[in-house]
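**Q** how would this look folded up:
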Amino acid sequence: RASHRANPTAYTADGLGSIAIDTTQLNMSVTDPTAWATAMNNLGMVPVGLAGQQLVTDSICVPGFDPSLSMMTGITPINPMIPGMGLVPPPPPTDVPVVKEIIHCKSCTLFPPNPNLPPPSTRERPPGCKTVFVGGLPENATEEIIQEVFEQCGDITAIRKSKKNFCHIRFAEEFMVDKAIYLSGYRMRLGSSTDKKDSGRLHVDFAQARDDFYEWECKQRMLAREERHRRKMEEDRLRPPSPPAIMHYSEHEAALLAEKLKDDSKFSEAITVLLTWIERGEVNRRSANQFYSMVQSANSHVRRLMNEKAAHEQEMEQAKESFKNALTGILTQFEQIVAVFNASTRQKAWDHFSKAQRKNIDIWRKHSEELRNAHSEQLMGIRREEEMEMSDDDSGDNPSKKLRVDDSALAAQAYALKEENDSLRWQLDAYRNEVELLKQEKGQLFRTEESLTKDQQLQFLQQTMQGMQQQLLSIQEELNNKKSELEQAKEEQTHTQAMLKVLQEQLKSAKELAEINGHDESQEINVLTVALVNQDREKNSEKRSPGLKSEKEALLIGIISTFLHVHPFGANIEYLWSYMQQLDSRISANEIEMLLMRLPRMFKQEFTGVGATLEKRWKFCAFEGIKTI
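**A** Now for the predicted structure:
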């Protein structure tokens, strides 16, 4: 086994394995000590994970070997393929039948199960499982015999045998469990005895042990610690370096700092130290002159920074100009591309393209136009910015332009003092304005909240008064309209009363004549009187007949005129209404009669018959009016 551990490769199977062999079966002497070495060279071993991995056969190497296992577990890996290792070559593809052979040991013999039977079932593998359950042992099997059989799978750390026919075996490594599972289904016979107590069918399965789970948890925690340590080391490596510590003030350090302040390359570092010293309170009567000289050295860099700024601004202007020129060239090419697409979409060339080609050309044209418009807007924006900058240069009121003109540091300081003076003067003006406002507010303090509420109430009352006045005006208009309607109704009533008296007198005279002349003449008199009444009505209605109110009334008048024109002797209102009902079920007889009465020049009403046979008929009389005109 020591030679086994020295091998650098390892078999890391996570699940149950089986053997993949060629179609030719192996014929060898099982008692030969090199039998397993020969068998191993002809078998493929592939790990099977819990989730089920793809099975690949290879007669030379161990597929699926993970070299990182030794890093994770800290244990030297063992290769189960070397000669004399022991029993179990793990798994083949599922479609190849598993062929197991007889295994001879010193004290017992293991006979393989029927290859046509399904493989024995196993429970779900617990995490970190190193312990197996072995059932179906012969009654006379001892711990020595069990150790002799299963130590070929790997180092055994403990065997817990029960009084009955089962035991628990704990191995040193997890992959050894898979090799032990391979023996599940074998029939075990002690020596050459045929006694029932000396034989049994083995059932090997994963077992759940607290020690295995504890070791697995410890390993997981160790891996988590290693991962955290690795991440921390990576973060420390990527973290930017801390700024250097600021040294304490001394005259020697101050002299060195004064030299650094004069050097352009070390100025940024030295100015930080100077600021820290001033904030710490290192300035006193003894060191004031030294600090003043250092501040003066810092001030001497202002002119250099302004020159650098001007140089950078000049570079930026040149870059802007080159960018604008490049953008103009790009825009010109976009215009040419769009012109090509527009020419292609004209009738002369468009008809010769296929439908798919037209679709693509149309898509390309739209995309090019969008890009052309976007670049054109960008170029116009750059030009507008340049125009605004030019207008600022012309105005000459911008104080920053004066700073560019003044090259000396003294001029810059003078300008800064001037700006400070202006700002102080503006602040003074603002304070004066605030004082005046406060005085005005003091004079108006007598206006309390009550006066404000009174103003609001007055405004509300004024609004309500205006609303009431408007309502009063509308009511007065309605009253005037009602008065005019009432006067018209009174005139109509007096007129109808006078007509009624005339008709009564005519009826009396007609009756007397009828007694004398007979019945026929009375009908003519009735017709005559009704015509007179209609004439009077026509005269009155001409004075007050309103026009048509809607398109529906005009349509009704046309239909009624056509209907009455084909009835020369007239039609009563019920007959006319029944005809109109077929066209519009919502119309009423009263509505038709009111419409006819409003148009006396087009329609007239005649009474025929006497007494019970009296009938009102409407006739179309528009043509008679035209003839008279």
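**Q** mind listing the helices for the stretch 151-300 of the chain?
**A** Secondary structure of the stretch 151-300 of the chain by DSSP state H, counting those that start in this stretch: the helices cover 175-181, 210-238, 251-262, 267-280, 288-299.
**Q** and of these, who's closest to Gln506?
**A** Taking C-beta to C-beta, helix 210-238 is the member of these nearest to Gln506, at 125.5 Å. All C-beta atoms are positioned from the backbone trio N, CA, C, and that covers glycine.
**Q** which of the residues in the closest one are buried?
**A** Buried residues in helix 210-238, counted by 16 or more other C-beta atoms under 10 Å: 212, 216.
**Q** Can you give the distance of it from its chain's centre?
**A** 39 Å (C-alpha atoms, centre = their mean, to the nearest Å).
**Q** other SSEs contacting that helix?
**A** On a contact count with 3 or more C-beta pairs under 8 Å, 6 or more residues apart in numbering; DSSP states H and E, helix 210-238 meets helix 69-73.
**Q** Which one of the helices of the stretch 151-300 of the chain lies nearest to Met390?
**A** Met390 lies closest to helix 288-299 among those, at 33.9 Å (C-beta to C-beta).
**Q** Now do the closest one against helix 267-280: the angle between them, please.
**A** 140 degrees (axes from the mean of the first three to the mean of the last three C-alpha atoms, to 10 degrees).
**Q** still on that earlier bit, redo the helices of the stretch 151-300 of the chain as JSON lines? Include mean pLDDT and distance to Gln378.
**A** Formatted as JSON lines, those follow (pLDDT from 0 to 100; distance: least, C-beta to C-beta, whole Å):
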{"stretch": "helix 175-181", "mean pLDDT": "92", "distance to Gln378": "67"}
{"stretch": "helix 210-238", "mean pLDDT": "94", "distance to Gln378": "39"}
{"stretch": "helix 251-262", "mean pLDDT": "90", "distance to Gln378": "45"}
{"stretch": "helix 267-280", "mean pLDDT": "90", "distance to Gln378": "37"}
{"stretch": "helix 288-299", "mean pLDDT": "90", "distance to Gln378": "42"}
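**Q** can you redo the ones you listed as CSV with distance to Asp351?
**A** Formatted as CSV, the helices of the stretch 151-300 of the chain follow (distance: least, C-beta to C-beta, whole Å):
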stretch, distance to Asp351
helix 175-181, 76
helix 210-238, 65
helix 251-262, 80
helix 267-280, 71
helix 288-299, 78
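**Q** Can you show me the strands along the protein?
**A** Remark: strands assigned in the chain by DSSP state E are 103-104, 108-111, 131-135, 156-161, 166-171, 187-190, 199-201, 203-206, 603-608, 615-620.
**Q** who wins for proximity to Trp277 among those?
**A** That would be strand 156-161 among the strands of the chain, by C-beta to C-beta, at 69.4 Å.
**Q** List the strands paired with the closest one, with their directions.
**A** Strand 156-161 pairs in its sheet with strand 166-171 (antiparallel), by DSSP bridges.
**Q** Spatially nearest residue to Cys153, not counting backbone neighbours?
**A** Lys179 (4.0 Å; C-beta to C-beta, 6 or more residues apart in numbering).
**Q** Buried residues in stretch 269-284, which are they?
**A** Buried residues in stretch 269-284 (16+ other C-beta under 10 Å): 270-271, 273-274, 277, 282-283.
**Q** Tell me how far it lies from the chain's centre.
**A** Chain-centre distance of stretch 269-284: 53 Å, with C-alpha atoms, centre = their mean.
**Q** In contact with Gln208, which residues?
**A** 126, 129, 131 (C-beta atoms under 8 Å, 6 or more residues apart in numbering).
**Q** List only buried entries from those residues.
**A** Among these, those buried by neighbour count (16+ other C-beta under 10 Å) are 129, 131.
**Q** possible to save the contacts of Gln208 as TSV with distance to Lys511?
**A** Output for the contacts of Gln208, formatted as TSV (distance: C-beta to C-beta, whole Å):
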residue	distance to Lys511
Pro126	131
Cys129	135
Thr131	139
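**Q** Out of the contacts of Gln208, which is nearest to Leu461?
**A** Pro126 (91.0 Å).
**Q** If you drop the residues flanking it in sequence, what lies closest to that closest one?
**A** In space, Pro126 is closest to Gln208, 4.6 Å off (C-beta to C-beta, 6+ apart).
**Q** tell me the pLDDT at the one you found?
**A** pLDDT, Gln208: 91.
**Q** one step back: make sure the residue nearest to Cys153 is actually in contact with Glu151.
**A** No. Using C-beta atoms under 8 Å, Lys179 makes no contact with Glu151, being 11.0 Å away.
**Q** Who has more neighbours out of those two?
**A** Taking other C-beta atoms under 10 Å, Lys179 and Glu151 do not tie; Lys179 has more neighbours (25 against 17).
**Q** what's the spacing between that one and Lys163?
**A** To Lys163, Lys179 is 27 Å away according to C-beta to C-beta, to the nearest Å.
**Q** ok, now Ser391?
**A** Counting by C-beta to C-beta - Ser391 and Lys163 are separated by 107 Å.
**Q** To what extent is Met316 buried, counted in neighbours?
**A** 10.
**Q** what's the answer for Leu556, then?
**A** With other C-beta under 10 Å as criterion, Leu556 counts 20.
**Q** do you know how far it is from Glu624?
**A** For Leu556, the distance to Glu624 equals 21 Å [C-beta to C-beta].
**Q** cool, and Glu386?
**A** Taken as C-beta to C-beta, the span from Glu386 to Glu624 is 89 Å.
**Q** same thing with Pro120?
**A** In terms of C-beta to C-beta, Pro120 sits 121 Å off from Glu624.
**Q** Between the two, which has more neighbouring residues?
**A** Pro120 (16 against 12).
**Q** does the more buried one really touch Tyr186, like I thought?
**A** No. With contacts counted by C-beta under 8 Å, Pro120 stays clear of Tyr186, the gap being 10.0 Å.
**Q** shared neighbours of the two, anything?
**A** Pro113.
**Q** got the buried residues for stretch 102-115?
**A** Buried residues in stretch 102-115, counting neighbours by 16+ other C-beta under 10 Å, are found at 103, 108-110, 113.
**Q** I should have written stretch 240-259 there, sorry.
**A** The neighbour-count check on stretch 240-259 (16+ other C-beta under 10 Å) flags 249, 254, 257-258 as buried.
**Q** Can you report how many residues neighbour Glu174?
**A** For Glu174, using other C-beta under 10 Å, the count is 22.
**Q** any idea how far Thr131 is from it?
**A** 10 Å.
**Q** circling back to that earlier point, looking at the buried residues of stretch 269-284, which one is closest to Glu369?
**A** The nearest one, if we look at the buried residues of stretch 269-284 relative to Glu369 and count by C-beta to C-beta, is Ile271, at 54.8 Å.
**Q** which parts of stretch 419-431 are buried?
**A** Of the residues in stretch 419-431, none is buried (16+ other C-beta under 10 Å).
**Q** which ones are touching the closest residue to Arg372 other than its chain neighbours?
**A** Spatially, and ignoring its direct neighbours in sequence, Arg372 is nearest to Phe334 (4.1 Å; C-beta to C-beta, 6+ apart). Each residue near Phe334 by C-beta under 8 Å, 6+ apart is listed here: 368, 371-372, 375.
**Q** Inside helices: which ones of those?
**A** Among the contacts of Phe334, DSSP state H puts 368, 371-372, 375 in helices.
**Q** Can you say which of those are buried?
**A** 368, 372, 375.
**Q** can you redo those residues as JSON lines with pLDDT and distance to Ala245?
**A** JSON lines is the format used below for these (pLDDT from 0 to 100; distance: C-beta to C-beta, whole Å):
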{"residue": "Ser368", "pLDDT": "90", "distance to Ala245": "61"}
{"residue": "Arg372", "pLDDT": "88", "distance to Ala245": "59"}
{"residue": "His375", "pLDDT": "88", "distance to Ala245": "53"}
